[in-house]
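Asker: Fold the following and give me the result.
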Amino acid sequence: MEIRPPYILVAENLDRITASRGITLADVAKRAGIDQSELFNVITGQYDADVEWLGKIARALDVRMAQLVIDREREPIDGR
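Answerer: Here you go, the predicted model:
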């Protein structure tokens, strides 16, 4: 299985998290204190997210940063 770009993982995980909580990406941007266009640019791959940006999103959603970049389609190696 090939490694997928981080922006795709962030987009998929944001979609999953926001859908489960009934909130929008606009809500996430507002909570994180970032512009909606910046959020859109990251999840469409136009800009790369740095650790600081991911931290803002994670805090806004009250999740660990790893939950934003985990690839749920990859199988764990050696049961990990």
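
Asker: Low-confidence stretches in the protein?
Answerer: Counting by pLDDT under 70, the chain has low-confidence residues at 1, 75-80.

Asker: what's near enough to touch the residue nearest the centre of the chain?
Answerer: In the chain, the C-alpha nearest the mean C-alpha coordinate belongs to residue 10, at 3.0 Å (Cα atoms, centre = their mean). By Cβ atoms under 8 Å, 6 or more residues apart in numbering, residue 10 lies in contact with 42-43, 49, 54, 57, 68-69. Using the backbone N, CA and C atoms, a C-beta is placed for each residue, glycine as well.

Asker: can you rerun that using 7 Å?
Answerer: By Cβ atoms under 7 Å, 6 or more residues apart in numbering, the residues touching residue 10 are 42-43, 49, 68-69.

Asker: got these as TSV, with distance to residue 26, neighbour count and secondary structure columns?
Answerer: What follows is the contacts of residue 10, written out as TSV (distance: Cβ to Cβ, whole Å; neighbours: other Cβ atoms under 10 Å; DSSP: H, G, I helix; E, B strand; the rest coil):
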residue	distance to residue 26	neighbour count	secondary structure
42	14	22	helix
43	13	21	helix
49	18	20	coil
68	17	22	helix
69	22	15	helix
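
Asker: From these, pick the one nearest residue 2.
Answerer: residue 69 (16.0 Å; Cβ to Cβ).
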